[in-house]
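Peer 1: Provide a 3D model corresponding to the input given below.
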Amino acid sequence: MNENLVIIPTYKEKENIEEIIRKVFSLSISFHILIVDDNSPDGTADIVKKLQEEFSNELHLIEREGKLGLGTAYITGFNYALENGYEYIFEMDADFSHNPEDLVSLQKACSEEGNDMAIGSRYITGVNVVNWPMGRVLMSYCASIYVRFITGLPITDATAGFKCYTRRVLETIEPKRIRFIGYAFQIEMKFNAWKHGFKIKEVPIIFTDRTKGQSKMSRGIFKEAVFGVIQLKIRSLFHKYEPYH
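Peer 2: Numbers count the residues shown, from 1 in each chain. A predicted model of the protein is given here:
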């Protein structure tokens, strides 16, 4: 049984999906991939099914009935990972904004260095973002400052979506208890891991904006993140986080 599972949510990613899958399978460490597709009308899932003929044991697919949100896609993937015995579970985008080669660094940060969560960080060594407009860079960077100010979360890139979790983190957090479904989901997962006392490391990466397909960012997603952080902080005042032993 492979111990590494990369979860990749997809919606209309036909331009990227085959290339990203083949790249992950070419890495020096062996990974399995789970695609969680939200009924992409462009045939993304059909491409994955065709590739499953070639990678029958390594490539897995869950098809959902519609566009249900990033957070619920990952929670679906987390449940699959826990049910199937994976030890290291990864979040990664399908559009090559996350370099698949960095999966190796994230995995080693947990498996060899003893961390419970590894975060692919755009800001731990400066601002390592390529092809984003300056306005979006500032929005993302300031969002992380805002999260740290409101919650006290000691993470430079609080909204990062490129991560490795050890199994024990997901078992402790219990994904079904996560409330948010957009980008606030990324903040909530880190916040809960930190409050439970898990060891978290930020691994520097270079984030490159997609060159194929369309961005899924929207005003609603950003609004959820802004107000969700305040809700997260308030809820935490009335919740006891048992430290992991």
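Peer 1: Just give the closest residue to the residue positioned nearest the centre of the chain, not the sequence neighbours.
Peer 2: Closest residue to the average C-alpha location of the chain: Glu91 at 3.1 Å, with C-alpha atoms, centre = their mean. Distance criterion C-beta to C-beta, 6 or more residues apart in numbering; nearest residue to Glu91, sequence neighbours excluded, is Lys163 at 4.8 Å. (Glycine included, C-beta is placed from N, CA and C.)
Peer 1: Contacts only, for the one you found.
Peer 2: The contact partners of Lys163, by C-beta atoms under 8 Å, 6 or more residues apart in numbering, come to 90-91, 106, 117-120, 189.
Peer 1: so it bridges to which residues?
Peer 2: Counting by DSSP bridges, Lys163 forms beta bridges with Glu91, Ile119.
Peer 1: lowest average confidence, helix or strand, in the protein?
Peer 2: helix 219-236 (a mean of 76; mean pLDDT, DSSP states H and E).
Peer 1: circling back to that earlier point, let me have the contacts of Lys163 in a markdown table, adding distance to Asp42 and pLDDT as columns.
Peer 2: Below are the contacts of Lys163 laid out as a markdown table (distance: C-beta to C-beta, whole Å; pLDDT from 0 to 100):
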| residue | distance to Asp42 | pLDDT |
| --- | --- | --- |
| Phe90 | 24 | 98 |
| Glu91 | 22 | 97 |
| Leu106 | 29 | 98 |
| Met117 | 33 | 98 |
| Ala118 | 32 | 98 |
| Ile119 | 30 | 98 |
| Gly120 | 27 | 96 |
| Met189 | 28 | 94 |
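Peer 1: Drop anything exposed from those.
Peer 2: 90-91, 106, 117-120, 189 (16 or more other C-beta atoms under 10 Å).
Peer 1: Export those residues as JSON lines, with columns for distance to Glu58.
Peer 2: Formatted as JSON lines, the buried ones among the contacts of Lys163 follow (distance: C-beta to C-beta, whole Å):
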{"residue": "Phe90", "distance to Glu58": "14"}
{"residue": "Glu91", "distance to Glu58": "18"}
{"residue": "Leu106", "distance to Glu58": "18"}
{"residue": "Met117", "distance to Glu58": "24"}
{"residue": "Ala118", "distance to Glu58": "22"}
{"residue": "Ile119", "distance to Glu58": "25"}
{"residue": "Gly120", "distance to Glu58": "22"}
{"residue": "Met189", "distance to Glu58": "25"}
